[in-house]
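Trainee: model the following, please.
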Amino acid sequence: MMNLNQKKKSFFALPDSAPLVLVERSEQKIFIASAFDFIGRSSAKDCEFLKFPLLVKGEKSDYALFLTREVIKRSVPSCRSHEKIQLIAKRLMKCFSNKEYDRSEFITCLNDVADWGRIQRVKGKLKKTNSRKMNAVWKAFKQSLSDNDARYAIEKISSLKIGLGIAMITKVLRLCNPESFMVLDSVFYANLKLPLVGNQNGAIEKTSDSYDKVCKAFKDLQTEYSRANSYEELQLGDFEFAIYHLLKEALNGIKKEEEKTLNFTSE
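Mentor: Alright, predicted model coming up:
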């Protein structure tokens, strides 16, 4: 961990909720804090950075990501987002609690998930998929939710080759059980890497194995976050939501820094 007093002093005229990105290019590290960390805290303890277990991919290098507890807290879904999520989740859970498969109801639920997750291309594919395969998808979700294990849904639904990728599959699971499941979409598998071990390349693939590894990394950081926030624990799904938005801030910071480097070397 590193506290803000060890960083270069800066002053920002930004709202408390705004995340700030600090990039130390030479060290290949990104530090993300909230404005509140800078202007609203006097205790060094409240300004500690937590190291994210996965690496962030840049064009030129991989970066280590450091986050404050405060910026994570301020990046979780808003009350308005929570209300929308809960409405979709309630409908999904009702669909999976039925003993008999209802194709129309199931496709309507999946369309709601596609709208929420901004995966519109899925909707057209669902209409064209035959009832037998859609029934198999429904059963796969029910099985994974019953076992509290994403592997079966990811492997079974992927094998059906109907255009439902890991992003859509994990969105459904996360909506139904945010305590156990998180979303793995393109922002994560395209921009994060596992720490290198031996000759592995560290890539995050669209597989159940990669999903398990990414979940473990998120849960490790979630545990670290919760140690000082036991009064305000976050569900895994909400924690992932926060990291998703902070990662996008980090990627913007990397892009700007690498553009500066490119411009400097070309002059």
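Trainee: so residue 213 touches residue 194, yeah?
Mentor: Yes - checked against Cβ atoms under 8 Å, the pair residue 213 and residue 194 is within contact range at 6.0 Å. Where C-beta positions appear, they are placed from N, C-alpha and C, glycine not excepted.
Trainee: how about the helices in the chain?
Mentor: 35-39, 69-73, 79-97, 103-117, 121-128, 131-147, 151-160, 166-176, 186-191, 208-227, 236-266 (DSSP state H).
Trainee: which of those helices is buried the deepest?
Mentor: Comparing the helices of the chain by mean neighbour count (mean count of other Cβ atoms under 10 Å), helix 166-176 ranks first with a mean of 24.
Trainee: what about the nearest residue to residue 248 once chain neighbours are set aside, distance to residue 140?
Mentor: Nearest non-adjacent residue to residue 248, counting by Cβ to Cβ, 6 or more residues apart in numbering: residue 187, 6.6 Å away. According to Cβ to Cβ, to the nearest Å, residue 187 and residue 140 sit 24 Å apart.
Trainee: repeat for residue 82
Mentor: Using Cβ to Cβ, residue 82 is found at 27 Å from residue 140.
Trainee: report the contact partners of the residue nearest to residue 248.
Mentor: By Cβ atoms under 8 Å, 6 or more residues apart in numbering, the residues touching residue 187 are 244, 247-248.
Trainee: try residue 139
Mentor: Applying Cβ under 8 Å, 6+ apart, we find residue 139 in contact with residue 101.
Trainee: same question, residue 58
Mentor: Residues near residue 58 by Cβ under 8 Å, 6+ apart: 254-255, 258.
Trainee: go through those and say which is closest to residue 70.
Mentor: Within the contacts of residue 58, the smallest distance to residue 70 is 21.8 Å, found for residue 254 (Cβ to Cβ).
Trainee: pretty sure residue 196 is touching residue 202, no?
Mentor: Yes - using Cβ under 8 Å, residue 196 makes contact with residue 202 at a distance of 5.0 Å.
Trainee: and those two? Which one has more around it.
Mentor: Neighbours per residue, other Cβ atoms under 10 Å: of residue 196 and residue 202, the larger number sits with residue 202, 14 against 11.
Trainee: with adjacent residues omitted, what lies nearest to the more buried one?
Mentor: With Cβ to Cβ, 6+ apart as the criterion, residue 202 has its nearest non-adjacent residue at 4.0 Å, and that residue is residue 193.
Trainee: with residue 165 instead?
Mentor: With Cβ to Cβ, 6+ apart as the measure, residue 206 is the residue that lies nearest to residue 165, at 6.5 Å, once sequence neighbours are left out.
Trainee: rewinding a little: if we only consider the contacts of residue 187, which is nearest to residue 52?
Mentor: Among these, residue 247 lies closest to residue 52 (Cβ to Cβ), at 8.5 Å.
Trainee: so how far is residue 33 from the closest one?
Mentor: Separation of residue 247 from residue 33 (Cβ to Cβ) stands at 15 Å.
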